[in-house]
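Colleague: Turn this into a model:
(chains A, B, C and D)
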Number of protein chains: 2
Amino acid sequence: MSLSRIAISLGLSVTTVSRALGGHGDVAEETRRRVEEEARRIGYRANPIARRLRGGRSDAVGIVLPTGPGQFGEPFFLRLIAAIGPRLAEAGLDLIVSSARSGAEELALYRQFVENRRVDAMIVARTRLDDDRIAYLRHARLPFVTHGRTRAGGHASVDIDGARAFREATQRLVAFGHRCIGFIGAPLDYGFGFFREAGWRSALAEAGLPPGPARFAEPSEENGHRLAHELLAGPERPTALLCATDRLAIGALHALGDAGLRPGYDVSVIGYDNSPVSNYAATPLTSYDPDIEGAAGRMLDMLLAQLAGQDGAGMNELRGATLVPRRSDGPAPDLNGQMKSRAISREERSDDERPHDTA
Amino acid sequence: MSLSRIAISLGLSVTTVSRALGGHGDVAEETRRRVEEEARRIGYRANPIARRLRGGRSDAVGIVLPTGPGQFGEPFFLRLIAAIGPRLAEAGLDLIVSSARSGAEELALYRQFVENRRVDAMIVARTRLDDDRIAYLRHARLPFVTHGRTRAGGHASVDIDGARAFREATQRLVAFGHRCIGFIGAPLDYGFGFFREAGWRSALAEAGLPPGPARFAEPSEENGHRLAHELLAGPERPTALLCATDRLAIGALHALGDAGLRPGYDVSVIGYDNSPVSNYAATPLTSYDPDIEGAAGRMLDMLLAQLAGQDGAGMNELRGATLVPRRSDGPAPDLNGQMKSRAISREERSDDERPHDTA
DNA sequence: TTGACTTCCCGAAACGTTTCGGAATAGCTT
DNA sequence: AAGCTATTCCGAAACGTTTCGGGAAGTCAA
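Modeller: Numbers count the residues shown, from 1 in each chain, chains lettered A, B, ... in the order given. The predicted structure follows:
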């Protein structure tokens, strides 16, 4: 009872009022003016639900947060949501967020979203190389965009070039003189885990070095701590640890402390994410900044284009991450000449070597 | 065209099909069985939009994330969303998330939510003592629940008793022998900032101590770093720093490092949030765990009760936070006898004192 | 047989919008 | 004067659901 209210008080039909406000051509200029004024006067807002029913849409985009062990508070998702929020609002779309742990529960939630017609499109993050969510969405013919590539491809996606970043990071460590560079990775079925490992491995091969020791687990501080321990206790002790995420790297830094090793000096550590804590870790962490906001913006572009009818198959973008050098990496300990200058600057600030409990 | 599809293929009326699936009493058991079977067969799902239009609801709950400087990735919101997501889904409600920076933009977004009838209820976090969002929601008669109390009160709210936690923390430091306890707080117009400061101040008064030095800013690592610097450079140098949040505390720990002071030994630091990083800070941070999931659950209870028609005015709950002692606090440096035992364990792990760039 | 009461079902309206297919009026051409 | 076009408006249907107010049988008692 709202379009009709304007219609009645102006002696017009509902149709005309609708078309006047909708900006259609077949309504007299004078009439449109009167309608607009009356609409403003009574504070008319089109009921979005009626509009959706009529239009057969739901004007909403869905996203599912991963929960579960070690997944608390991944800042990535917050930044993603914060980045696209205003633009979605501008486009008249709602962002519907729910949460599930990876696996069956998660897929069930996607089904719910789709089958209950709650969303017109979805944003998929934490993409796996072979991802049943993506197979499902494709089968359901629902527009979507992923953060991260899949093996199959052929869908809209934005990805950060983790392979390049980690190749670059490895080259940096090689240039620093490191010869045994370990890797602390995320599970390889995640696309991001896969490509980062691939970058590390390929750079080692290019440099003619044997592959260093590697361990993989869900990216949490605790796992980083544990895996670094394992690597440092192994037969070939790495002088550098490349970590798939900052959270892993933070844990690794502590493992160094436990072993009485100085980060950036005895062992170099490089992370990825450039999270706020990386700057305030025990030793400020050299990391890669992925420009989440930029990626989020492109994902939204792709989503809106698909909702406007375009085919998403050809949409994909690979973006770079930029190195943020801090204190956690440096020359390999066995190269004495090159190390001198840095060693001095280290003396100034003295060194830290303290074992820590895992608490 | 869906209820009607079942109706047609069964030779029933739409009404009867609807009432059969709705579980009403006036449909024969045999008929209900047939309807349910056919519904299952064709995979019928009620169109939520039609249902909403008819019911005059929107079956959605809104929440606005704060963005802006130093607000990136507050894990609080993720944990909140993750905690309530499944239960909302179960209740058939969507969670609509958007984002805005505090202030005019934020209020405008609330208005948009309400006036465009996008939500039936809202969740308000980052509550200020005098909060125009709350005044607005009350005026608009939209159910809501806040995380944090307001001065006015009279609405559904869940809060963690920050005053009690910070009184307790202060008493702990006093018992450790500290006599000058500084405070690094959040702005006092935030409820959480206000009560935490009040707890600190009242405990000092109760202990017969003069109020220590205090500084306030948006809770970020950077601000914690800056404010701790100021406090340590001030005329009365505190031997302990109580920080309103872990992020402030992490920054403060670094300021200690800059000044060549050993956390937990020369200067004690206590934070609040028990965030994942607190366990992996330069020195593992003594903190308070607020049980966000528990609070989120209660908030949802209140929201659902209000959507079921109850008045939210009397709903409010004050919950406790629990201390998680780690390594960043301990006896005051001037009390020698009591310190001995801890000093030894410190020697083992050696000390860290290194200036850092803010990078 | 009649009336009342149960049991089971249904038509129509309503939620608020958009759109299809006209229809009425006015102006212009021939 | 008749036909044609352009302009401006409108009625009705449709989106899919729920609910109001019956109504048609069947059952039971008087």
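
Colleague: hey, where'd the strands end up in the stretch 1-150 of chain A?
Modeller: Per DSSP state E, counting those that start in this stretch, the stretch 1-150 of chain A carries strands over the ranges A:60-67, A:94-101, A:121-124, A:144-147.

Colleague: Looking at those, which is nearest to B:V269?
Modeller: Nearest to B:V269 among these is strand A:60-67; the distance by C-beta to C-beta comes to 30.3 Å. All C-beta atoms are positioned from the backbone trio N, CA, C, and that covers glycine.

Colleague: what number of residues lie near whatever residue of the stretch 51-200 of chain A ends up closest to DNA strand C?
Modeller: Here the stretch 51-200 of chain A gets closest to DNA strand C at one residue, A:R54, 3.6 Å apart by C-beta to the nearest atom of the strand. Around A:R54 there are 10 other residues, counting by other C-beta atoms under 10 Å in any protein chain shown.

Colleague: ditto for A:R179
Modeller: 18.

Colleague: list the contacts for the closest residue to it other than its chain neighbours?
Modeller: The shortest distance from A:R179 to any non-neighbouring residue, by C-beta to C-beta, 6 or more residues apart in numbering or on different chains, is to A:L209 (6.2 Å). Contacts for A:L209 (C-beta atoms under 8 Å, 6 or more residues apart in numbering or on different chains) come out as A:V174, A:R179, A:I181.

Colleague: ok, so what distance separates A:L209 from DNA strand D?
Modeller: Noted for A:L209: a distance of 62 Å to DNA strand D, by C-beta to the nearest atom of the strand, to the nearest Å.

Colleague: Let me know the pLDDT of that residue.
Modeller: Looking at A:L209, its pLDDT stands at 97.

Colleague: Give me the phi and psi angles of it.
Modeller: phi -100, psi 150 (degrees, to the nearest 10).

Colleague: closest to DNA strand D out of the strands of the stretch 1-150 of chain A?
Modeller: Ranking the strands of the stretch 1-150 of chain A by their distance to DNA strand D (criterion: C-beta to the nearest atom of the strand) puts strand A:60-67 first, at 16.2 Å.

Colleague: mind exporting that closest one as PDB, just the C-alpha atoms?
Modeller: Provided in PDB are the C-alpha atoms of strand A:60-67 (Å, rounded to 0.1, in the frame of the first residue of the first chain):
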ATOM      1  CA  ALA A  60      21.500 -10.400  -2.800                       C
ATOM      2  CA  VAL A  61      25.000 -11.800  -2.900                       C
ATOM      3  CA  GLY A  62      26.200 -14.500  -0.600                       C
ATOM      4  CA  ILE A  63      29.400 -15.300   1.000                       C
ATOM      5  CA  VAL A  64      30.300 -18.100   3.400                       C
ATOM      6  CA  LEU A  65      33.000 -17.600   6.100                       C
ATOM      7  CA  PRO A  66      35.100 -20.600   7.000                       C
ATOM      8  CA  THR A  67      35.000 -21.500  10.600                       C
END
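
Colleague: Just to be sure, which of the contacts of A:L209 are found in strands?
Modeller: If you go by DSSP state E, these have A:I181 in strands.

Colleague: Quickly name whichever of the contacts of A:L209 is closest to A:F113.
Modeller: Distances from A:F113 to these, taken by C-beta to C-beta, are shortest for A:I181, at 42.1 Å.

Colleague: which ones are touching the closest residue in space to A:L142 that isn't next to it in sequence?
Modeller: Nearest non-adjacent residue to A:L142, counting by C-beta to C-beta, 6+ apart: A:V114, 5.5 Å away. By C-beta under 8 Å, 6+ apart, the contact list for A:V114 reads A:M122, A:Y136, A:L137, A:A140, A:L142.

Colleague: tell me the SS of A:L323?
Modeller: strand (DSSP: H, G, I helix; E, B strand; the rest coil).

Colleague: what sits against the residue nearest to it when sequence neighbours are not counted?
Modeller: Spatial nearest neighbour of A:L323, excluding adjacent residues (C-beta to C-beta, 6+ apart): A:Y288 at 5.9 Å. By C-beta under 8 Å, 6+ apart, the contact set of A:Y288 is A:A165, A:A169, A:I270, A:G271, A:Y272, A:D273, A:N274, A:A321, A:T322, A:L323, A:V324.

Colleague: can we see that at 7 Å?
Modeller: By C-beta atoms under 7 Å, 6 or more residues apart in numbering or on different chains, the contact set of A:Y288 is A:A165, A:Y272, A:N274, A:A321, A:T322, A:L323, A:V324.

Colleague: Can you give me the distance of the residue of the stretch 51-200 of chain A closest to DNA strand C to A:A46?
Modeller: According to C-beta to C-beta, to the nearest Å, A:R54 stands 11 Å off from A:A46.

Colleague: picking up where we left off before, let's have the contacts of A:L209 in CSV, adding pLDDT and distance to DNA strand C.
Modeller: Putting the contacts of A:L209 into CSV (pLDDT from 0 to 100; distance: C-beta to the nearest atom of the strand, whole Å) gives the following:
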residue, pLDDT, distance to DNA strand C
A:V174, 97, 60
A:R179, 95, 67
A:I181, 97, 59
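
Colleague: any idea which of the contacts of A:L209 is the one closest to DNA strand D?
Modeller: The shortest approach to DNA strand D among those belongs to A:I181, at 58.4 Å (C-beta to the nearest atom of the strand).
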